[in-house]
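Engineer: When you get a sec, could you give me coordinates for this:
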Amino acid sequence: MTIRVGLERYTVMAKHGYYAFEHEQEQPFVFTVWATLSKAKVGNELSNTLNYADIQVAIDRVMLESEAPIALMEEMAEQVIVQIAAFQTVAALHVRVEKPNAPLPHPGGLPVIEVEWHRN
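Structural biologist: Predicted coordinates:
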């Protein structure tokens, strides 16, 4: 049995992006995070799983407490992974970041990146 814990479509308003003008006004970043647990059975113990509130806290730390703007969504995802991987109950992570208001040359499309991580 595989157990996964997730937080889907968590939106954070932040001033990040590759271009300097993206650092002037907040824009939405939408996170979906799925964690695969290292144990096949957690019982009724929170300490055997990953609290989805901890996923929110990890995203907030990266997006809202960064000392400087983060240029790339890939880096955002990697920093979120570092935060969540600190929980030993986590065996693997899948992080998706969407940027609905990204500057694109034409209307339409949803910029997205996804990063997978596995504990060695």
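Engineer: helix, strand or coil for residue 69?
Structural biologist: Of the three states, residue 69 takes coil under DSSP: H, G, I helix; E, B strand; the rest coil.
Engineer: Then residue 81 would be within a helix, right?
Structural biologist: Yes: counting by three-state DSSP, residue 81 is part of a helix.
Engineer: which ones are touching it?
Structural biologist: 93, 95, 115, 117 (C-beta atoms under 8 Å, 6 or more residues apart in numbering). All C-beta atoms are positioned from the backbone trio N, CA, C, and that covers glycine.
Engineer: Could you do residue 12 as well?
Structural biologist: Applying C-beta under 8 Å, 6+ apart, the residues near residue 12 are 28-31, 59-60, 63-64.
Engineer: can you pick the most crowded of the residues you listed?
Structural biologist: Counting neighbours by other C-beta atoms under 10 Å, the top entry in those is residue 59, with 26 neighbours.
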